[in-house]
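> Let's see this in three dimensions:
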Amino acid sequence: MVESLWPTPDAEGGSVVTRELIRWSGDCPRLSGTRIALLLILLLFGVHAPGQSRGLQPAEIPQAWDPTKIGAPLSRDPIVVYNDWSAYDELSDSIPLTEQLAMKELDEILRLRRFGVRFDYYMMDAFWFDPDGGYRTWRKPSWPNGPDAWIKQCRDNGLLPGLWFGTNALVKLNPVPAWQDSLTEKKGSMSFSEGGFLPDFMGTLQYWYDHGIRMFEFDFADFDAAAPAIAKVKSRDEIHAANVDAFRDALKKFRRRNPDIVLVAFNGFGGDLESTASSFPFHNSIDLRWLEVFDTLYAGDPRASDVPEMNFWRSMDIYSDHMVRRFEQSFLPLERIDPTSFMLGNTGTIYYRKTHAWKGELILMMARGGWINTVHGNLEFLTDEDARWFAKVQALYLRFESLGRTKTFGGIPGEGQPYGFGSLDTEGALYAVVNPAQSVEEIQMPQLSQVQKPKSNGRLLFRDAGFQPTITGDKIILGPGQMAVVGYGEYASPAYDMGVQSDVQIPRSIQPVAAIFSEHGKNTIQATVSAPAHGDLRIVMQQRSTQGEIKRSWKGGPPTGTNMAKVLVLQAWQNGKPLPVEIDYDKVIWSGLSWAVGEIRHSDITPGEPITVQCSSAESDEVRLEGKVYLVSY
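Sure thing, here's the model as predicted:
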């Protein structure tokens with residue numbers, strides 16, 4: 001009985017408790033008053049699952065929650081979204097979206113919910129549509145009966161369904177007659193400010209809203225699109241401004257008509273997303289007027305940063321952290337930034353990650369403070385025990401997102417400086433900290449507010465395996481490439497412990513080794529070092545252009561792309577024999593890579609004998625390589 005009262009939101013924004021009140025009143029009128037009184041008592045004093053501490057409940061949504069009563073025009077409260085992208089991938093892989101796959105993931109959502117994981121929306125990502133249907137019909141044979149069963153099952157289970165759109169770009173889509181007079185000369189996109197595309201597109205959005213869709217994702221927007229006649233007489237800036245104004249005004253009207261809709265912006269709405277080494281402010285600036293119509297703006301699909309890390313997935317964490325920081329510096333509130341960083345799956349879009357280092361990935365996604373927390377991919381990869389851990393972390397951070405505040409601190413992630421995200425409420429504070437440097441570093445966890453309680457007796461709640469962080473007052477010492485979570489106040493209780501991430505190993509010590517690299521042929525550098533008496537050797541290579549700027553090698557995505565281990569190559573020899581070099585970047589990386597990191601194990605070398613280390617790039621153009629060597633011990 002108690003478990004059935006769990007506050008899971010239903011399709012109309014209510015809850016399981018609300019449904020139980022209605023059901024009991026109708027089924028048992030003679031007892032409905034007593035039962036309703038009992039339910040109200042449970043609501044007032046709280047209901048939580050057996051075996052869990054009060055502080056670690058799945059998110060406690062007020063039972064009378066009605067977002068339409070909130071004065072804010074949009075982004076009224078944090079939400080959790082499931083998105084099926086990365087469970088399939090039709091851009092950098094060949095796994096298709098099918099009704100069977102989508103419904104399987106819906107079943108997985110319901111399984112995870114039983115362990116306390118919260119989901120509010122289910123976003124159907126790209127390529128659900130018939131290429132010739134103008135976004136009005138679903139692709140056959142993948143969806144032979146259309147989306148009705150999926151929409152109904154979502155709403156029956158308290159999930160609000162959402163749909164992806166390629167906005168005005170023709171991505172696996174053919175233009176319908178109503179769009180013809182808006183087409184560009186190359187027929188790759190449509191103008192928003194002229195012709196029939198925009199009125200028809202807004203009609204399509206209303207059509208799906210009327211069929212139960214409550215969230216729309218807009219991707220691949222092209223605001224430079226113009227019909228050939230207009231392109232000849234107007235400047236690029238004039239065309240861009242007219243398109244932005246037309247689309248924004250149309251979305252304003254749509255929101256006024258449908259105030260409960262959630263709109264999220266993806267590619268095409270600003271920001272330089274390709275590299276963490278790009279200059280700032282963004283060349284492609286973010287127009288803050290988009291905040292008038294979009295609940296959030298996304299900060300880039302997951303990819304490696306330009307910060308070298310032995311653990312490839314940590315470099316990806318740094319990318320998302322960096323982009324969130326840069327979007328914040330562009331004056332977007334943290335709540336309105338979607339890092340789009342948490343993805344599980346075995347597809348090319350996430351470099352066949354599966355569940356590698358997923359716990360740190362989840363913590364950082366939640367710790368960044370965004371109000372749209374999106375979980376992508378293969379939920380079946382999470383075990384029941386994983387689900388319990390997931391619910392614990394999610395509930396803790398949703399509490400801060402809903403009732404507290406989150407702020408950034410420290411250096412810029414893409415510049416290799418220690419940094420973090422701090423969250424606080426009246427009970428205490430939580431600090432997620434990261435050291436991206438190739439050195440042991442200390443970072444201060446600052447006061448987040450003038451009214452924050454003094455910090456003392458902080459507790460290490462989570463860390464990567466290996467290096468043992470130490471906390472002294474408001475400072476923490478982290479190993480190279482390490483992340484950790486520290487709690488203060490109420491959150492320094494053992495009840496909030498999250499354990500150790502065992503699949504990210506951080507060296508217990510690291511120190512630079514004297515190594516003078518010199519050119520050894522085109523795009524190749526080489527150095528000789530003495531083999532250490534103990535410990536392993538870490539080799540770090542950074543690739544730059546001849547002008548000194550970070551340069552990524554782009555060699556395609558799956559299935560035909562080139563593995564980066566064949567492009568950015570680390571090699572070593574001792575006594576004329578090759579030594580094995582362990583690497584973690586040996587992947588087909590559609591987003592490119594600018595670095596290589598590898599380690600030579602002590603068991604493979606002869607101490608005292610010289611080792612030749614070589615770094616090379618298969619780039620056809622001339623590049624400049626930088627090499628460093630470190631002694632690490634695990």
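> And for stretch 229-245, what's in contact with it?
By C-beta atoms under 8 Å, 6 or more residues apart in numbering, the list of residues contacting stretch 229-245 from outside reads 184, 185, 191, 192, 193, 194, 223, 224, 225, 226, 287, 289. Placement of C-beta: from N, CA and C, glycine included.
> gap between the closest residue in space to the second one that isn't next to it in sequence and residue 220?
Distances taken as C-beta to C-beta, 6 or more residues apart in numbering put residue 228 closest to residue 185, at 4.5 Å, once the chain neighbours are dropped. Computed as C-beta to C-beta, to the nearest Å, the residue 228 to residue 220 distance reads 21 Å.
> which one of the contacts of stretch 229-245 is nearest residue 552?
Nearest to residue 552 among these: residue 224, at 24.2 Å, using C-beta to C-beta.
> and that closest one, how far is that from residue 236?
6 Å.
> if you count what's nearby, which of those two comes out ahead?
residue 224 (15 against 11; other C-beta atoms under 10 Å).
> so what pLDDT did the more buried one get?
Listed pLDDT for residue 224 reads 98.
> Which secondary structure state does residue 253 sit in?
The assignment at residue 253 comes out as helix when based on DSSP: H, G, I helix; E, B strand; the rest coil.
> number of nearby residues for it?
Going by other C-beta under 10 Å, the residues that sit close to residue 253 add up to 11.
> Of all pairs in the contacts of stretch 229-245, which one is the farthest apart?
Longest span within the contacts of stretch 229-245, C-beta to C-beta: 185 and 289, 28.4 Å.
> Residue 228 and residue 220: which has the busier surroundings?
Shown here are residue 228 and residue 220; by other C-beta under 10 Å, residue 220 has more neighbours (17 against 10).
> Quickly find the element holding that one.
Assigned by DSSP states H and E, residue 220 belongs to no helix or strand.
> which residue packs closest to it, ignoring adjacent ones?
residue 169 (3.9 Å).
> can you list the residues that contact stretch 510-517?
438-440, 479-480, 525-529, 532, 537-538, 613, 615, 625-633.
> PyMOL command for the buried members of those?
In PyMOL, selecting the buried portion of the contacts of stretch 510-517, with burial taken from 16 or more other C-beta atoms under 10 Å, looks like this:
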select buried, resi 438+440+479+480+525+526+527+529+532+537+538+613+615+625+627+628+629+630+631+632
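> Compute the distance between residue 535 and residue 513, please.
10 Å.
> How about the contacts made by the closest residue to residue 293 other than its chain neighbours?
Using C-beta to C-beta, 6+ apart and skipping residues adjacent in sequence, the residue nearest residue 293 is residue 251, 4.0 Å away. Residues in contact with residue 251 (C-beta under 8 Å, 6+ apart) are 263, 293, 294.
> Tell me the most packed of those, by neighbour count.
residue 294 (24 neighbours).
> Leaving out sequence neighbours, find the closest residue to that one.
Once flanking residues are discounted, residue 294 sits nearest to residue 265: 4.4 Å by C-beta to C-beta, 6+ apart.
> Give me the neighbour count for the closest residue to residue 562 other than its chain neighbours.
The shortest distance from residue 562 to any non-neighbouring residue, by C-beta to C-beta, 6+ apart, is to residue 555 (3.8 Å). Residue 555 has 20 neighbours, counted by other C-beta under 10 Å.
> my guess is residue 555 meets residue 587, correct?
No: checked against C-beta atoms under 8 Å, the pair residue 555 and residue 587 is beyond contact range at 11.0 Å.
> ok so, going back, same list, the contacts of residue 251, but as a markdown table with secondary structure, pLDDT and distance to residue 269 please.
Formatted as a markdown table, the contacts of residue 251 follow (DSSP: H, G, I helix; E, B strand; the rest coil; pLDDT from 0 to 100; distance: C-beta to C-beta, whole Å):
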| residue | secondary structure | pLDDT | distance to residue 269 |
| --- | --- | --- | --- |
| 263 | strand | 98 | 11 |
| 293 | coil | 98 | 10 |
| 294 | coil | 98 | 7 |
